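Novice: With the sequence up front, the predicted model follows.
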Amino acid sequence: VGDVQINVAKELMRIAGTTTHGLSIMHQMVLMGDPAVKVFGAAKPDYAIQNDFVSLQSLDGHPITVASPKIGLHYKIRNYGQARRDSIRVKLSRTFPDNSTVSYDTLIAPVFYQSEFLFEVPNASSGGGQNEFTIFIDGDSELPELNEQNNQATLSYFIPSSATFNLFPYPLSVVNTNSIELVFQNTNQSPSFRDYQLEIDSLPDFTSAFKIQRKLGANVLGRTTVALPSKDSTVYYWRTRLDDPDETESNDWFMSSFSYISSGEEGWAQFGKSQLGENTFTNMDLNVNGELSFPGRTSTVFIQNFG
């Protein structure tokens, strides 16, 4: 059958030439006319992972620190070869700042083209500082593959021993009084007395004339009361951080927001465009101006008229 298809293609090329129409007919005849032709000829799977396929995420909504009970290692695996129903063994090695290591392994479902997974990693109180996570796909080479050189990826991540976490007002909540108590905590539940920085403003970049800055001293919980202007339906952004963190602690701001609605009821609201950045979107994009749009898609269409 294959030889017949070849001869037909040659004869068609002699008659019609190498036009787009003639070439498309030849290609379609080969694929549709010969059931023995393999569309995809890979003899083995080829599981692949790379560094940018791996990320670390919080499992409890708090910043990742040594106080986190567990942390999530999110990763995706692609299969560039044959799809098989074999489960895959994945190993994870974590290297701590003192160069000690700990390893874990798990079995994951078959990967036909691309799949994403979450590895829940028990945390350790000694993990403050730069950590290195290395993932090995089929590390014992139990499964035959086309390429064994793309089965490893590494993520370096700084895990602070302490950071701040804003407690009240709740993120995106509605308050109805001008006098607001701001409450935050140190993620380290047994810290010594520390100084913290706190800022609140009506702009997300903290550049308005209203901006309030305070330096507070506290142990686990820090709190302060601020007086808000009487302007109704206003969004306020506030952030906290350690005042003088050491090399194992976070220097990042932890920011959240709330809305002031005079005589409003309890609930939540998103008035400011920048508040939309706290949402997760599917099939929608949020640009730098806080505007929502559907993702663009470009397709190439070729039209040829023969009559």
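Specialist: That came through fine.
Novice: so how far does stretch 294-302 reach from one end to the other?
Specialist: 25 Å (CA to CA, to the nearest Å).
Novice: average pLDDT for it?
Specialist: In this model, stretch 294-302 has a mean pLDDT of 81.
Novice: What of stretch 79-99?
Specialist: If you average the pLDDT over stretch 79-99, you get 92.
Novice: From what I see, residue 26 and residue 14 are in contact.
Specialist: No: the criterion here is CB atoms under 8 Å, and residue 26 misses it with residue 14 at 11.6 Å. Placement of C-beta: from N, CA and C, glycine included.
Novice: Between those two, which is the more surrounded one?
Specialist: Counted by other CB atoms under 10 Å, residue 26 and residue 14 do not tie: residue 26 has more neighbours, with 18 against 9.
Novice: contacting residues for that one?
Specialist: Residues near residue 26 by CB atoms under 8 Å, 6 or more residues apart in numbering: 9, 12, 13.
Novice: likewise residue 226?
Specialist: Counting by CB under 8 Å, 6+ apart, residue 226 has contacts 179, 180, 182, 200, 212.
Novice: and the first one, how many neighbours does it have?
Specialist: Same thing as residue 179. When neighbours are defined as other CB under 10 Å, residue 179 has 9 of them.
Novice: and it, backbone torsions?
Specialist: phi -100, psi 110 (degrees, to the nearest 10).
Novice: Surely it touches residue 230?
Specialist: No: at 11.4 Å, residue 179 does not count as touching residue 230 under the criterion of CB under 8 Å.
Novice: lowest average confidence, helix or strand, in this structure?
Specialist: Least confident helix or strand of the chain, by mean pLDDT, DSSP states H and E, is helix 20-33 with a mean of 69.
Novice: Residue ranges in this protein under the pLDDT threshold?
Specialist: Scanning the chain for pLDDT under 70 picks out 1, 29-40, 191, 307.
Novice: quick one: what helix or strand has the spatially most central residue of it in it?
Specialist: Centroid-nearest residue in the chain, with CA atoms, centre = their mean: residue 55, separated by 6.5 Å. Here residue 55, judged by DSSP states H and E, is contained in strand 54-58.
Novice: How far off centre is that strand?
Specialist: Centre-to-centre, strand 54-58 and its host chain are 7 Å apart (CA atoms, centre = their mean, to the nearest Å).
Novice: Stretch 63-72 too?
Specialist: Distance of stretch 63-72 from its chain centroid, counting by CA atoms, centre = their mean, is 16 Å.
Novice: Stretch 11-31 too?
Specialist: For stretch 11-31, the separation from the chain centroid amounts to 47 Å (computed by CA atoms, centre = their mean).
Novice: do stretch 109-125 as well
Specialist: With CA atoms, centre = their mean, you get 13 Å for stretch 109-125.
Novice: before we move on, what about stretch 47-57?
Specialist: Distance, stretch centre to chain centre, for stretch 47-57: 11 Å (CA atoms, centre = their mean).
Novice: For it, list every residue counted as buried.
Specialist: For stretch 47-57, burial by neighbour count (16 or more other CB atoms under 10 Å) applies to 47, 48, 49, 53, 54, 56.
Novice: Spatially nearest residue to the first one (excluding sequence neighbours)?
Specialist: In space, not counting the residues next to it along the chain, residue 47 is nearest to residue 137; the distance is 4.9 Å by CB to CB, 6 or more residues apart in numbering.
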